[in-house]
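Trainee: 3D, please:
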Amino acid sequence: MKILARQLTLDLYNCETNRLDEVETIKDTLKSVVGSEPRLTSAAIDDGHFSIIGAFAQGHIALHVYKELRYVAVDIFTCDDAEEPEELSKTLKQFFRPDKIKSTFLKRGDFGLEREVKPKIKIRVAPLRRVKNAGAKVVRKLVRRGK
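Mentor: This is a model prediction of the structure:
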């Protein structure tokens, strides 16, 4: 069954702090993958939160950046079979360098069976974050034994 569109959402946690202030650099990065076609608009929501939204002929992209939380929420929607939202997601992962990523892939307009409607969700934690967490757990256990 042919689907009408695909949507990829990303939650990027613990992103590099220096990348979260660079609105124009983020726009240039998006244009380098999508092309110069999308008109990207940025807006400051409040002091620690801004959004970048771009619409193009066969879809849209939306980013919400929360500086204090070091969190970026991304929504990539495409109706074009030739477009690969995964390519843009790789570029965003390289740009923001998050410790943890949660991605959800949806088939939009899939008129197949109802049981196939569930989205595919993947969670990836950077190896360095796992080492830090394991080290912290060991220290806590040692401290408890020392009491």
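
Trainee: and the strands in this protein?
Mentor: Counting by DSSP state E, the chain has strands at residues 5-13, 39-46, 49-56, 59-66, 71-78, 100-108, 120-125.

Trainee: which stretch among those strands comes nearest Lys31?
Mentor: Nearest to Lys31, of all the strands of the chain, is strand 39-46, at 7.1 Å by C-beta to C-beta. Any C-beta I mention is one placed from the backbone N, CA and C, and that applies to glycine too.

Trainee: how about Asn14: what's its closest non-neighbour residue?
Mentor: Once flanking residues are discounted, Asn14 sits nearest to Asp99: 3.8 Å by C-beta to C-beta, 6 or more residues apart in numbering.

Trainee: hang on, the earlier thing: could I get the strands of the chain as CSV with mean pLDDT and distance to Leu20?
Mentor: Below are the strands of the chain laid out as CSV (pLDDT from 0 to 100; distance: least, C-beta to C-beta, whole Å):
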stretch, mean pLDDT, distance to Leu20
strand 5-13, 89, 10
strand 39-46, 85, 13
strand 49-56, 88, 9
strand 59-66, 90, 6
strand 71-78, 91, 8
strand 100-108, 86, 15
strand 120-125, 72, 20
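
Trainee: the ones you listed: which one's closest to Ile26?
Mentor: Nearest of the strands of the chain to Ile26, taken as C-beta to C-beta: strand 49-56 at 6.1 Å.

Trainee: list the helices and strands that closest one packs on?
Mentor: helix 23-34, strand 39-46, strand 59-66 (3 or more C-beta pairs under 8 Å, 6 or more residues apart in numbering; DSSP states H and E).

Trainee: which stretch among the strands of the chain comes nearest Lys27?
Mentor: strand 39-46 (4.8 Å).

Trainee: extract the CA atoms of the closest one and return them as CSV.
Mentor: Taking Å, rounded to 0.1, in the frame of the first residue of the first chain, the C-alpha atoms of strand 39-46 are listed here in CSV:
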residue,chain,number,x,y,z
ARG,A,39,11.9,29.9,3.4
LEU,A,40,13.0,29.5,7.0
THR,A,41,11.5,31.7,9.6
SER,A,42,12.8,32.0,13.1
ALA,A,43,11.0,33.4,16.1
ALA,A,44,12.0,33.9,19.8
ILE,A,45,9.2,32.4,22.0
ASP,A,46,10.9,33.5,25.2
